[in-house]
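Colleague: Got a sequence here, can you build the structure:
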Amino acid sequence: MDSQPWRNPRPAPSFSEMPAKTPAPRAVRWLWTWGPAIVWSGAIFIMSTDAFSAEHTKWFFEPILRWLIPGLAQSQYDFMHHIIRKCAHLTEYYVYFVLLYRAVRAGRAGWRWAWGTAALLIAAAYSLTDEFHQSFVASRTASPYDSLLDTTGAFVALVVLWFWFRPRRSAWRSRL
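Modeller: The predicted model follows:
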């Protein structure tokens, strides 16, 4: 018979077992999932200030383009600068959608249309608020076309992620 029946017969967990048995606090998990998207939102906000207006990005791109293509006319340079700036809209919201999708799915695996739709709606709404913010910056112009371009970048990311997470049909293809 046990002389100390009140004692727990299981041994105490080792230090290496403790993290697996102790979940992270909710705030840490939330920050881990939403943190990158929030930081990228801040980067987008900063890029819509006066510091990233066309006049201020010209000093960076013009010497590079003139070095790459020495005989570039001013009108050609202006067109290339415009294209680079519009591609930046697509790219920044492509990345933003990917980070939002990561946050919305919150560590769960796979693809869900609800997650993709939620991330797309958040990106589109933020795009509208970004253009609204630019309407208050003297050197920037708010444009619904830029917002549409931003949302298009997010939509392209949605399509790419859908193809990425789509179930592989290798078994079906092997029967052909």
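
Colleague: which regions of this protein sit below the pLDDT cut-off?
Modeller: Within the chain, the set of residues satisfying pLDDT under 70 comprises 1-2, 20-23, 56, 168-176.

Colleague: Of all the helix elements in it, which one is longest?
Modeller: In the chain, assigned by DSSP state H, the helix with the most residues is helix 74-105.

Colleague: wait, what's in contact with the residue nearest the centre of the chain?
Modeller: By C-alpha atoms, centre = their mean, the mean C-alpha position of the chain lies nearest to residue 96, the distance being 2.2 Å. Residues near residue 96 by C-beta atoms under 8 Å, 6 or more residues apart in numbering: 37, 40-41, 44, 123, 126, 153-154. Using the backbone N, CA and C atoms, a C-beta is placed for each residue, glycine as well.

Colleague: Please repeat the previous calculation with a cut-off of 10 Å.
Modeller: For residue 96, the contacting residues are 36-37, 40-41, 43-44, 119, 122-123, 126-127, 150, 153-154, 157, by C-beta atoms under 10 Å, 6 or more residues apart in numbering.

Colleague: and these, which are buried?
Modeller: The neighbour-count criterion (16 or more other C-beta atoms under 10 Å) marks 36-37, 40-41, 44, 119, 122-123, 126-127, 150, 153-154, 157 among the contacts of residue 96 as buried.

Colleague: Give the burial count for residue 102, as a bare number.
Modeller: By the measure other C-beta atoms under 10 Å, the count of residues near residue 102 is 17.

Colleague: Is it in contact with residue 116, as I believe?
Modeller: No. The pair residue 102 and residue 116 does not pass the contact test of C-beta atoms under 10 Å, sitting 11.6 Å apart.

Colleague: who touches both of those two?
Modeller: Any residue near both residue 102 and residue 116 by C-beta under 10 Å, 6+ apart counts here, and that gives residue 161.

Colleague: Which stretches in the chain count as helices?
Modeller: Defined through DSSP H, the helices belonging to the chain, from first to last, are 18-21, 26-47, 54-68, 74-105, 113-134, 144-165, 170-174.

Colleague: Now distance to residue 4 too, for those, in TSV please.
Modeller: As requested, these are arranged in TSV below (distance: least, C-beta to C-beta, whole Å):
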stretch	distance to residue 4
helix 18-21	25
helix 26-47	38
helix 54-68	75
helix 74-105	49
helix 113-134	53
helix 144-165	55
helix 170-174	59
